[in-house]
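[1] turn this into a model:
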Amino acid sequence: MWGKTFTEWITTPLPQRAGARLSVVARVVVPLVGLVIFLLGWEALVRWQQYPPYILPTPAQVWRKFLIALADGTLWRHTRVTLIEIAGGLALGLSAATVLGYILAKCPFLERIVGPYVVAAQAVPVVAIAPLIILWAGSGLFSKILVAALTLFFPVLVNTMVGIRSVERDLLDLMRALNATRWQIFVKLEIPAALPVLFAGLKVGTALSVIGAVVGEFVAADQGLGFLINLTSRGTLDTPLLFVTLGVLVAIAVTMYTLVGWAERRVLRWKNA
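    Below you'll find the predicted structure:
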């Protein structure tokens with residue numbers, strides 16, 4: 001609905017307009033109703049079992065802790081560090097994965113050489129090699145960016161290869177028959193054809209980048225949301241703050257996923273035209 005011009009909206013039949021409004025309401029109201037039911041069930045469980053706050057706090061206690069951490073700057077200080085790591089991991093992982101994925105998709109011989117090593121590297125959990133990365137790259141910001149980039153590298157690489165190879169052979173032959181340059185084929189055919197699959201990989205990558213940044217902070221960090229989780233779970237037993245930190249991580253992942261979905265709808269409007 002929001003992507004339509006005013007003229008298109010005016011000329012849309014009333015039943016379609018009503019359906020669009022109901023669709024928007026459903027997308028907003030249904031998740032909110034589900035959230036309210038979840039919070040009420042959480043509150044009822046705590047009161048029924050009479051859990052102490054260090055075992056399971058109530059939603060009100062978590063909210064109060066959120067306001068306190070927000071007011072004293074603790075939450076923003078650690079969130080800012082994690083956001084920088086996520087952004088750096090996304091930039092590094094996506095660029096490396098898309099470039100290598102394109103090269104391997106266009107050169108099957110090179111894929112047969114490099115492919116087994118890439119799969120073997122993916123078979124090792126990032127959480128297992130994160131201490132090694134920290135040892136090699138140090139305990140600073142760059143090592144966390146590397147861990148986040150490695151976490152999302154393989155899924156984006158595979159999606160890039162699938163997307164580039166999804167270009168129809170007939171269209172390639174047509175472009176070559178029209179004397180299109182290599183750059184024209186890349187920009188006007190390969191990228192548009194591969195974009196749906198690439199966006200799917202980007203959606204997966206955004207969630208994995210959050211996981212990678214937190215894993216890096218678990219291993220060695222003195223700031224960041226992962227460090228805050230370690231501190232609250234092993235040291236202070238401040239469970240309300242632990243819930244606040246987890247909620248912020250979920251909010252970051254959902255926001256990034258939503259932004260990618262919005263960009264996908266904007267960029268791929270031609271598919272649904």
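
[2] pick out the residue closest to the middle of the chain.
    residue 206 (1.7 Å; C-alpha atoms, centre = their mean).

[3] tell me which helix or strand that one sits in.
    helix 191-219 (DSSP states H and E).

[4] number of residues surrounding the residue nearest to residue 130 when sequence neighbours are not counted?
    Once flanking residues are discounted, residue 130 sits nearest to residue 219: 4.7 Å by C-beta to C-beta, 6 or more residues apart in numbering. Heads up, the C-betas are built off the backbone N, CA and C, glycines and all. Neighbourhood size, residue 219 [other C-beta atoms under 10 Å]: 19.

[5] show me how the chain divides into domains.
    22-51, 59-271 (automatic domain parsing).

[6] check those for me: which has the lowest mean pLDDT.
    With a mean of 79, domain 22-51 has the lowest mean pLDDT of the domains of the chain.

[7] which residues belonging to that one are considered buried?
    42, 46 (16 or more other C-beta atoms under 10 Å).

[8] distance between that domain and the chain's centre?
    From the chain centre to the centre of domain 22-51 is a distance of 24 Å (C-alpha atoms, centre = their mean, to the nearest Å).

[9] export stretch 220-239 as CSV, just CAs?
    Output in CSV follows, covering the C-alpha atoms of stretch 220-239 (Å, rounded to 0.1, in the frame of the first residue of the first chain):
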residue,chain,number,x,y,z
ALA,A,220,37.5,-11.9,25.2
ALA,A,221,36.0,-8.4,25.6
ASP,A,222,35.6,-5.7,28.2
GLN,A,223,32.7,-4.0,26.6
GLY,A,224,29.7,-4.9,24.3
LEU,A,225,26.4,-6.8,24.9
GLY,A,226,28.2,-10.2,24.9
PHE,A,227,30.5,-9.0,27.7
LEU,A,228,27.4,-7.7,29.6
ILE,A,229,25.7,-11.1,29.3
ASN,A,230,28.9,-12.7,30.6
LEU,A,231,29.1,-10.3,33.5
THR,A,232,25.5,-10.7,34.6
SER,A,233,25.3,-14.4,34.2
ARG,A,234,28.6,-15.4,35.8
GLY,A,235,29.3,-12.5,38.2
THR,A,236,26.6,-10.3,39.4
LEU,A,237,23.6,-12.6,38.8
ASP,A,238,21.7,-9.5,37.7
THR,A,239,19.1,-11.5,35.8
